[in-house]
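Novice: Have a look; sequence and predicted model below, questions after that.
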Amino acid sequence: MSEHAARTREAAAERDPRRLRDAAAELAREAGAIVRSGYGQIHAPERKGRIDLVTDFDRRSEKLLLQRIAERFPGDAVLAEESGTHSARGAKSGVRWVIDPLDGTTNFAHNYPFFAVSVGVEVDGELVAGAVFDPVREEMFAAARGAGATLGGAPIAVSPIERLEDALLVTGFPYDVREHPERVMPAFEAFLTRAQGVRRDGSAALNMCYVAAGRFDGFWEPTLSAWDTSAGTVIVREAGGRVTDYAGGGFRPGETSILATNGRVHDAMKRVLADSLGRSRR
């Protein structure tokens, strides 16, 4: 084999979704240990906004993730919640890690046990792998494009629920909900009267993983950042679910609304969202 061919094969291996999934899971688990060590403590979070919090454990988790990625993948770029974009050192690989060091900071700060570390991976702008680790329950959700989704290494799949009235749904509210409740409450109220139940528990990454595992049947939220949804998007799709914007179009993490479902209640949820959005604009 020529030197060029060997380098090409090595580069392809480094971009393999399954390899990236395994690395994402390792990173999420290690960062999760830091987060777990802070669970149950008394926290003094800082405010990034009126209701948007950050703790020392967000920063410690992110610092570790950035350090590990720089050590193991020096040619890769990173998008991180607390510190933004980090350019690749040396030759660029086309790989970008999208990390949320602690998704569910408000829950964590109040010692409510529903938060996670989320690590998504893009190759040439396409989502190919992701891992979300819940350090309290020690549940690792992971997926690689074309290889399915897993929980603790075992395959998972979305629910078989077909009717909206039988569905358990979940959502979240944007940080400006106090200033603009009219942007979210019509849809929330509409689903309350149409679905079997609606939950709102404060971690988009885990919400999406619960859709993938069949615990929830659908998830919607109008405004989220890329680090909230990148890993979860891969996991839902590989579990057989569907992820779009509210209108059923292409979902772009950090740029559009998100509707993630088992696929079977997707169209019904789209119709409810379209109707509630129409009413909110009147």
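Specialist: Nice, I can see it. Source: prediction; values computed, not measured.
Novice: Is residue 195 in contact with residue 161, as I believe?
Specialist: No: under the criterion of C-beta atoms under 8 Å, residue 195 makes no contact with residue 161, lying 10.0 Å away. For glycine as for every other residue, the C-beta is placed from the backbone atoms N, C-alpha and C.
Novice: Now do the helices in the stretch 101-250 of the chain.
Specialist: Remark: helices assigned in the stretch 101-250 of the chain by DSSP state H, counting those that start in this stretch are 105-109, 185-194, 204-212, 226-238.
Novice: now these in JSON lines, with mean pLDDT and distance to residue 27?
Specialist: Listed next are the helices of the stretch 101-250 of the chain as JSON lines, based on pLDDT from 0 to 100; distance: least, C-beta to C-beta, whole Å:
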{"stretch": "helix 105-109", "mean pLDDT": "93", "distance to residue 27": "19"}
{"stretch": "helix 185-194", "mean pLDDT": "95", "distance to residue 27": "34"}
{"stretch": "helix 204-212", "mean pLDDT": "98", "distance to residue 27": "14"}
{"stretch": "helix 226-238", "mean pLDDT": "97", "distance to residue 27": "11"}
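Novice: I'd like those helices as TSV, with mean neighbour count appended.
Specialist: Output for those, formatted as TSV (neighbours: other C-beta atoms under 10 Å):
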stretch	mean neighbour count
helix 105-109	22
helix 185-194	16
helix 204-212	29
helix 226-238	28
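Novice: what domains does the record give for this protein?
Specialist: 3-155, 164-280 (automatic domain parsing).
Novice: What distance do you get for residue 257 to residue 244?
Specialist: Distance, residue 257 to residue 244, using C-beta to C-beta, to the nearest Å: 9 Å.
Novice: follow-up on the earlier one: identify the contacts common to residue 195 and residue 161.
Specialist: When contacts are counted by C-beta atoms under 8 Å, 6 or more residues apart in numbering, the set common to residue 195 and residue 161 consists of 167-168.
Novice: ok, those two, which is more surrounded?
Specialist: residue 195 (22 against 19; other C-beta atoms under 10 Å).
Novice: Could you check the pLDDT of the more buried one?
Specialist: If you check residue 195, the pLDDT there is 98.
Novice: Return the residues in contact with it.
Specialist: Residue 195 touches 164-165, 167-169, 218, counting by C-beta under 8 Å, 6+ apart.
Novice: if we take those residues, which one ends up nearest to residue 134?
Specialist: For the contacts of residue 195, the minimum distance to residue 134 (C-beta to C-beta) is 18.4 Å, reached by residue 168.
Novice: what about the residue nearest to that closest one when sequence neighbours are not counted, distance to residue 124?
Specialist: Excluding its sequence neighbours, the residue lying closest to residue 168 (C-beta to C-beta, 6 or more residues apart in numbering) is residue 197, at 4.9 Å. Going from residue 197 to residue 124 by C-beta to C-beta gives 40 Å.
Novice: try residue 210
Specialist: Distance, residue 210 to residue 124, using C-beta to C-beta: 29 Å.
Novice: and if you look at residue 20?
Specialist: According to C-beta to C-beta, residue 20 stands 13 Å off from residue 124.
Novice: between these two, who's got more neighbours?
Specialist: Neighbours per residue, other C-beta under 10 Å: of residue 20 and residue 124, the larger number sits with residue 20, 26 against 10.
Novice: Correct me if wrong, but that one is in a helix.
Specialist: Yes: using DSSP: H, G, I helix; E, B strand; the rest coil, the assignment for residue 20 is a helix.
Novice: circling back: of the domains of the chain, flag the one that's most buried.
Specialist: Ranked by mean neighbour count, the domains of the chain are led by domain 164-280 with a mean of 20 (mean count of other C-beta atoms under 10 Å).
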